[in-house]
Structure formats: C-alpha cells, structure tokens
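In: any chance you can model this:
(chains A and B, ligands or ions: 1)
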Amino acid sequence: MRVTSLELTDFRNYENLRVAIEPGITVFFGDNAEGKTNLLEAVYLCACARSHRTSRDSDLIHHDRSGYRVGICFLNRHGQEETLALSYREQAPESAGGRAFRTIEHNGAVLQRVADLMGLFHAVIFAPEDLMLVKEGPSARRRYMDLLISQVRPSYFHDLQQYARQLSQRNALLKQLRSEGRTGEEANVRDSLEVWDEALVHTGSRILAVRQHFAERIREIAADRHAKLSSGRERLHLRYRALGGGRQGQELLSATDWQEPFRTRLVHGRKEDIEKGATGVGPHRDDLELSLDGEGMKPFSSQGQQRSAVLSLRLAELVILHEETGDMPVLLLDDVMSELDAGRRARLLEDMGEAQVLVTCTDAAHIVDQMGRLLKSEGVTYHQVSEGRVDRVDPVG
Amino acid sequence: MARFTPAISRLVSELSRLPGIGGKSAQRLAFHLLSLPQDKVDALAEAMVEARRTTILCSACCNLTDQDPCEICTSRSRDRSTVCVVENPRDVAAMERMREYRGLYHVLHGAISPMQGVGPEQVRLKELLARLREDDGITEVILATNPTVEGEATAMYIARLLKPSGIRTTRIAHGLPVGGDLEYADDVTLSRAMEGRREI
Ligand SMILES: [Zn+2]
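Out: Residues are numbered from 1 along each chain as shown, chains lettered A, B, ... in the order given. Sure, this is the predicted structure:
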C-alpha cells in the first residue's frame, strides 16, 4: 500500500495543499507547530476516519472556516490507483437537516457508512500521544484495539456503532426507570429492559469474541517484541479483561459462548444499573491490561519501560495488519525517532520492512543518523514544512 | 423577522416547524407561496385541510385511511390469518407496491426508543395486542420493522410478548440486494446475510 498524493482543504493550518508523495521514505521537517503532524494526521484519517489526537472533527477545521476536506490517492496492493476523501461540514445544507455531517468518498463515489471506509486503506501511526496507552485508563486501550480490529474487520466496526447506540438506548431507559423510582423487579419493566439487555448481548458477544481473538494475537507479538527490546530482561504481559474479569480463563470463546456470561452479568447488575443510570458491564468497560513481569504498568514502570511497551503494541498492530491484509500498511512516524534510543529504533526498522514511511522531525540532518541504513538504501524525499507551506527540497547533508 | 409583516412571519414560522425545513428554506417557501396566484394557494391550503380532516386511523390496523375500517382491512381478497407489523404508513405503501403480500397490516407509528422518550406505550402496540386477543383467526405475525437498532428492539419486544400466545412470529430477513453481484456487496451487508442464511 502506498500513498501517491495528499490533498488538504481548510484542514488544521492548511487552506489548500497538494503534495505528491514518492515511494520509500518521505521526511517532513521543520520547526514545531508549523503543521508537520497535521500531514500525518490527515493520512491517518483516511485509514480510520479518526484522528490520532482528537475525537472532535471541529478541532480539525482551519480557523474561521466551516468544514475541512482531506483526500489521498494511493496504490492498492494490486498496484491500482484509488482515491479516498473525507470531508466534514459543521453546517449541513438545510435539506440534510442542518446538522454537522461527514462525507466519505471512495473513487469518487460517496460511501453510505463509515464502516465501508474500513479496510480500504491501511496505516499505522507512531506518535507521542501513544503514551496514553499506558498512562491513561482502559478507554485508550479499547480504542487501540477497536481501531486496529476495525481496519481488518469492517463488520466489527459496524458492531461497535450498533453497540454504542444500543447502550445509549439502554442507559436512557435506566435513567427513566430511576426517575420513576423503579427497581427493575416489576414485570413490565423487566420486559422492556430485557429487550435492551438482549440487544447488547447480541452485538456485545460478537465484539467480545473478536476482541479476545485479536487480544491473543496482540499479546503474542507485543510480548515477543518487548522481550527483544529489553534484551530479554523484562516481560510484557497483556490480558484482555472482559466483563470485569473473573470467570474467563485462557480459552477462546465464540460469540455464542460469550452470550450467557454477558447476559448473566447484565441481569445481575440491573438494580445497580438503574441506581447509576448507566450500564456497568460490557465491552464498553473492558480493558487490555498491561503489566511488566506481573506488575501493573502504570505505577511501576519508568518512562523507558513505558516507551518500550507502547512501541511493542504499535509493532503488533503493524504485524497484524500486514498478516491480515497481505500488504504492508503505510507507516506514519510522528516525531518519535528522536525519542527512541538506538535499540528501539533498530527494532522498529526491522519490522517496517518494505513499508512506505512518512516521518516528521525537526532536524532533517539528524534523521539520517537516526534511521541509519534504511535511509541510505531507499529513496528519500525531503519536504520542508513552514507556516502551512510544504516545499520539496534537495537532500540535506 | 421584524422586517416581515406579521402574516408573513407567521407563515415562515409555521413552515419552519416542518421536518427538514430550516429557517432559510421556510422563507424561500413562504415567498414562493406569496408569488403564486391566489387560487393556487387556496388549492394548496384546501388540500392540506381536506387531507387532514378526512384522514383517520383505521381502528383495526392503525393505518391512515379515509374510511374505517380501511380498504385493506375490509378487502375480501386479503388473507386474514397474517398480520405484517410495520413502523409507519409509508412502509405499508412500500409493501403494497410489491403486490405479493396478501395479508393484513398493523402500523405502530414509531419504534421503541428510550432516548426519544418512546416506550412500548408510545407506539400502537396495545392496539395490536387487543386485536390479536379478539381475532383468533390470526395465526402469523410478521415483524417488518426497520433493521435499525430501534426497529430490531421493537421486533424483539413484540416477539417476546407474543411468545406465550403460540401465534407464529416471524422476522423479515435482511441481506443482499437482489440482482447485485456478491463481490460488490458491502462487508456489513454480506456478514448479516451470512448470519441470516438458511437451509435450502
Ligand atoms: Zn385497517
């Protein structure tokens, strides 16, 4: 998979930009806050329909404009050129209800669902924000799993959307029951709740099964990469903690197998759920727990250990996307080379193989040292980024 | 709105209450109406008033009708043992276009959606249950609510209520568009079609 051009309109600090992207390695260099990261963010949006930095589309709009558009041309694994474009308007035409809306186009045709975008173009991003994976709560890690799996299982993404809607409906009902002073024991209330329980069980069990399957693959690869990073001194453990942990062992369960435990937990939690006005158990509360030699990552590890853990997770993502699609995803390295020591960089370079790489840095000369032999053996293109302008320049140094 | 006469303001504000019509569209429509000859506007107003006055809900199936019971409910050529449950009158029209279904209908006028404050009591479900209790000639209920989160939940709710009655309850299948190539079907549709596969 290879990007051949990137086109931005009113996106972040770019009003209008078109950059041709060459094969091999593309280096975007320039001072901080000049818009280097925005370029990688735009490419990533075309893979996942989500930014790696924000969940709000409004953050992505050039100031005092009312929408943005990002588009890429890329070569698919058969070498054919395809286009993808994602645009967002804060104010839809009145005919469309006047609300904010997104449009996704593939080869010029509008896609009906965001799920239809998934799997068309693959990219993996390595960014400073990745540290959230170890520093923050379970939601960052669920998001990591969800974005990874969605890229290779579009129906999983659809399930996530359905589940979110079903969850909102159940939570709305719970709040309503709470305001009516119900306990969930009354027959007619049970009937109504049961429908939403079953809806969550139906969709949630599929999410649980797919997550468990991928978590196992992530665990294997991340542990292997982490062992190599630490020269075998440390061991990274990953555990998919589903339905609040507890009963499940190592065995992989099918979606059907997951139904009963999930249903039981939901029914048991009804009273408490009504009190809280929210659903306390389900895939929306799961975690991909990380620990180092058996201890929780967050309180115990040094900055270096955290970096290694995060890098291992991203490498697992890269390997899994490669395995599942038979094609190397495009690699987006956002200002991470300078943060990695020689050992970690070598690890990264080993896994990235023949991938096309888009990298940002402040010092173009320095990146040559950092990326070592890889830069020398492949074609490298340099672009200087300054105040929303991107200019191709001759090799440095 | 101060720059409009009170009558125009009122028209714009009434029009802007219509679904999908924002302030600008309401103004455009209002000025279009004002540019028409008086008799055209009279005809439009009359059509609205007339349609509203003569349209009632069928006491049997809750579909919109100008006679009670409605034409479908009174037709002798319909199969009275089957009732197809849909969310709204537009769905009846769609089913009728197909000209293959010969049974009766029941229109819920909505789907269960707690987020919008719509519970089982806010749709025409009591009417369906009463009808099934009173008419023991009905042997099958086809649940044809939309394949949305709310439509599915509504179908499931009804299926559960009907279970003790022993009435056969079926759910319409959703899957691949007919006449299309499998390879062009989107992944989600394809995976749902796989899920809904059946013996042949
Ligand atoms: Zn009728």
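In: helices along chain B, start to end?
Out: Taking DSSP state H, the helices of chain B run over residues B:6-15, B:23-35, B:38-54, B:71-74, B:89-98, B:125-134, B:149-162, B:187-195.
In: poorly predicted segments of chain A, please.
Out: In the predicted model, chain A carries pLDDT under 70 at residues A:92-99, A:187, A:189, A:246-250, A:294-301, A:368-370, A:372-378, A:395-397.
In: grab the most central residue of it for me.
Out: The structure's chain A has its C-alpha centroid closest to A:Leu147; by C-alpha atoms, centre = their mean the separation is 3.7 Å.
In: which other helices and strands contact the helix or strand hosting that one?
Out: Using DSSP states H and E, A:Leu147 maps to helix A:138-152. Contact here means 3 or more C-beta pairs under 8 Å, 6 or more residues apart in numbering or on different chains; DSSP states H and E; on that basis helix A:138-152 packs against helix A:36-48, helix A:132-135, helix A:154-179, helix A:187-229, strand A:287-292, helix A:303-325. For glycine as for every other residue, the C-beta is placed from the backbone atoms N, C-alpha and C.
In: got a list of contacts for it?
Out: Around helix A:138-152, the neighbours that count as contacts under C-beta atoms under 8 Å, 6 or more residues apart in numbering or on different chains are A:47-48, A:50, A:115, A:118-119, A:122, A:132-133, A:156-157, A:160, A:210-211, A:214-215, A:218, A:241, A:283-288, A:290, A:313, A:317, A:320-321, A:324-325.
In: which one is B:Asp91 nearest to, not counting chain neighbours?
Out: Of all residues not flanking B:Asp91 in the chain, B:Ala144 sits nearest, at 6.8 Å (C-beta to C-beta, 6 or more residues apart in numbering or on different chains).
In: and the gap between the one you found and B:Arg192?
Out: 16 Å (C-beta to C-beta, to the nearest Å).
In: do the same with A:His62
Out: In terms of C-beta to C-beta, A:His62 sits 39 Å off from B:Arg192.
In: before we move on, what about B:Phe4?
Out: Distance from B:Phe4 to B:Arg192, by C-beta to C-beta: 50 Å.
In: spell out which parts of chain B neighbour chain A.
Out: By the rule C-beta under 8 Å from any C-beta of the partner chain, the part of chain B lying against chain A is B:20-25, B:112-115, B:117, B:119-120, B:149-150, B:152-153, B:156-157, B:160-161, B:186-188, B:191-192.
In: next one: phi and psi at the spatially most central residue of chain B?
Out: Per C-alpha atoms, centre = their mean, the C-alpha nearest to the average position across chain B is that of B:Asn88, at 1.0 Å. The phi/psi pair for B:Asn88 (degrees, to the nearest 10) reads phi -150, psi 170.
In: pLDDT score for it?
Out: In the prediction, the pLDDT value recorded for B:Asn88 is 95.
In: quick one: residues contacting it.
Out: B:Val107, B:Leu108, B:His109, B:Gly110.
In: by neighbour count, which of those residues wins?
Out: Ranked by the number of neighbours (other C-beta atoms under 10 Å in any protein chain shown), the contacts of B:Asn88 place B:Val107 first, at 25 neighbours.
In: and it, what are its bridge partners?
Out: Judged by DSSP bridges, the bridge partners of B:Val107 are B:Val86.
In: residues of the stretch 151-300 of chain A that sit close to the ion?
Out: Neighbours of the ion within the stretch 151-300 of chain A, by C-beta under 5 Å from the ion: none found.
In: please identify the most buried of the helices and strands packed on helix A:138-152.
Out: helix A:36-48 (a mean of 24; mean count of other C-beta atoms under 10 Å in any protein chain shown).
In: and it, what does it pack onto?
Out: By 3+ C-beta pairs under 8 Å, 6+ apart, helix A:36-48 packs against strand A:2-11, strand A:25-29, strand A:67-75, strand A:81-89, strand A:123-126, helix A:138-152, strand A:330-334, strand A:357-361.
In: which strands border the second one, and is each parallel or antiparallel?
Out: With DSSP bridges as the criterion, the sheet partners recorded for strand A:25-29 are strand A:357-361 (parallel), strand A:380-386 (parallel).
In: what's the most buried one of those strands?
Out: strand A:357-361 (a mean of 24).
In: run the chain-centre distance for it.
Out: Strand A:357-361 has its C-alpha centroid displaced from the chain centroid by 18 Å (C-alpha atoms, centre = their mean, to the nearest Å).
In: what does stretch A:177-187 give?
Out: With C-alpha atoms, centre = their mean, you get 38 Å for stretch A:177-187.
In: can you check stretch A:151-164 too?
Out: That offset, for stretch A:151-164, works out to 13 Å (C-alpha atoms, centre = their mean).
In: how about B:Gly103, phi and psi?
Out: Taking degrees, to the nearest 10 as the convention, B:Gly103 sits at phi -90, psi -160.
In: count of neighbours near it?
Out: 17.
In: mind listing what the closest residue to it other than its chain neighbours touches?
Out: Excluding its sequence neighbours, the residue lying closest to B:Gly103 (C-beta to C-beta, 6+ apart) is B:Thr82, at 3.2 Å. Contacts were defined as C-beta under 8 Å, 6+ apart; by that measure B:Thr82 touches B:Arg102, B:Gly103, B:Leu104, B:Ile138, B:Thr139, B:Glu140, B:Val141, B:Ile142.
In: which among these gets closest to the ion?
Out: B:Leu104 (7.2 Å; C-beta to the ion).
In: and the gap between that closest one and chain A?
Out: Separation of B:Leu104 from chain A (C-beta to the nearest C-beta, to the nearest Å) stands at 25 Å.
In: list, one by one, the residues from chain B near the ion.
Out: So far as C-beta under 5 Å from the ion goes, chain B lies against the ion at B:Cys58, B:Ala60, B:Cys61, B:Pro69, B:Cys70, B:Cys73.
In: I'd like to know how far the closest residue to the first one other than its chain neighbours sits from B:Thr82.
Out: Nearest non-adjacent residue to B:Cys58, counting by C-beta to C-beta, 6+ apart: B:Cys70, 3.8 Å away. Distance of B:Cys70 to B:Thr82, computed by C-beta to C-beta: 16 Å.
In: then A:Gln259?
Out: 31 Å.
In: hmm, back to that, could you identify which of the helices and strands packed on helix A:36-48 is most buried?
Out: strand A:123-126 (a mean of 26).
In: show me what it is packed against.
Out: helix A:36-48, helix A:303-325, strand A:330-334.
In: can you say which of those is nearest to the ion?
Out: helix A:36-48 (48.7 Å).
In: B:Val107 against B:Cys61, yeah?
Out: Yes: contact status for B:Val107 versus B:Cys61: in contact at 6.2 Å, counting by C-beta atoms under 8 Å.
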